[in-house]
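Q: Build me a structure from this.
(one chain, ligands or ions: 2)
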Amino acid sequence: MGRKIGHGLGLKEVPFENWPCQFRINKYPFTPENIGSDGLRTHTDNGFLTVVQDDEQFGGLEVMQKSGNFVPVEPSPGTLLVNFGDIATVWSNGRFYNVKHKVVCKQEGIRISIATFLLGPKETIVEAPPELVTSENPRLYVPFMFEDFRKTRFFKHLNAGEALDHFLLKP
Ligand SMILES: O=C(O)CCC(=O)C(=O)O
Ligand SMILES: [Fe+2]
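A: Ligands and ions are numbered 1, 2, ... in the order given. Predicted coordinates:
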């Protein structure tokens, strides 16, 4: 998938080969009192991209449009959902949108989703490849280590994309 994304941008090579992945099963034990409230608060994913197998019975995942409106993503049996995270915005030099999303409790019961996260590189810096930096699209972010980015997000509680502002070249 990473290779296809890179090719879509006109790149011959992509760096994702050794980037770590994280696998997580989310379990939401929703009670009647939870209905209408957030099961998972608005956030962006911190890595490059996420592949989600959503709960086919429950629904409840909502993504935020640039306008700020949340739009429900109705689960579709047999399909996976893919979204970009913060590192995709940095690596693509602003071309990819780190979509904000949340989970709303729609009904009582145990909601399960399965997510695989392609994170950022462990040993190399995160930066847009030179082909994606031009005079019309100058570099947006200071090159950084993914681990430093993750710590900034975690310790400053910046879970909805705001951590990227700390790494802007021109704040
Ligand atoms: O449970 C879901 O549908 C989404 C989960 C999610 O956004 C996450 O694990 O980061
Ligand atoms: Fe997420």
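
Q: give me every residue that touches residue 72.
A: By CB atoms under 8 Å, 6 or more residues apart in numbering, the residues touching residue 72 are 59-62, 104. All C-beta atoms are positioned from the backbone trio N, CA, C, and that covers glycine.

Q: what is it paired to in the beta sheet?
A: Note on residue 72: beta-bridge partners by DSSP bridges are residue 62.

Q: how near is it to ligand 1?
A: Separation of residue 72 from ligand 1 (CB to the nearest ligand atom, to the nearest Å): 11 Å.

Q: For the closest residue to residue 24 other than its chain neighbours, identify the helix or strand it belongs to.
A: Distance criterion CB to CB, 6 or more residues apart in numbering; nearest residue to residue 24, sequence neighbours excluded, is residue 115 at 5.1 Å. Applying DSSP states H and E as the criterion places residue 115 in strand 109-118.

Q: CA-only coordinates of that strand, as CSV, when you get a sec.
A: Coordinates of each C-alpha in strand 109-118 appear next as CSV, following Å, rounded to 0.1, in the frame of the first residue of the first chain:
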residue,chain,number,x,y,z
GLY,A,109,-23.2,-3.7,23.9
ILE,A,110,-19.6,-4.6,23.2
ARG,A,111,-18.2,-2.8,20.2
ILE,A,112,-15.0,-4.2,18.8
SER,A,113,-12.7,-2.8,16.2
ILE,A,114,-9.3,-4.0,14.9
ALA,A,115,-6.7,-1.6,13.9
THR,A,116,-3.2,-2.0,12.4
PHE,A,117,-1.1,1.2,12.5
LEU,A,118,1.9,1.8,10.2
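
Q: following it, which helix or strand shows up next?
A: Counting by DSSP H and E, what follows strand 109-118 is strand 125-126.

Q: just how off-centre is the helix or strand that that next one is followed by within its chain?
A: As assigned by DSSP H and E, the chain's next helix or strand after strand 125-126 is strand 144-145. How far strand 144-145 lies from its chain's middle: 17 Å, per CA atoms, centre = their mean, to the nearest Å.

Q: contacting residues around strand 144-145?
A: Against strand 144-145 from outside (CB under 8 Å, 6+ apart): 90, 125-127, 167.

Q: Would you indicate which residues of the helix or strand following it are buried?
A: Counting by DSSP H and E, the next helix or strand C-terminal to strand 144-145 is helix 146-155. Residues of helix 146-155 classed as buried by neighbour count (16 or more other CB atoms under 10 Å): 146, 149-150, 152-153.

Q: What is the neighbour count of residue 82?
A: 13 (other CB atoms under 10 Å).

Q: mind pulling up the phi and psi values for residue 123?
A: phi -110, psi -10 (degrees, to the nearest 10).
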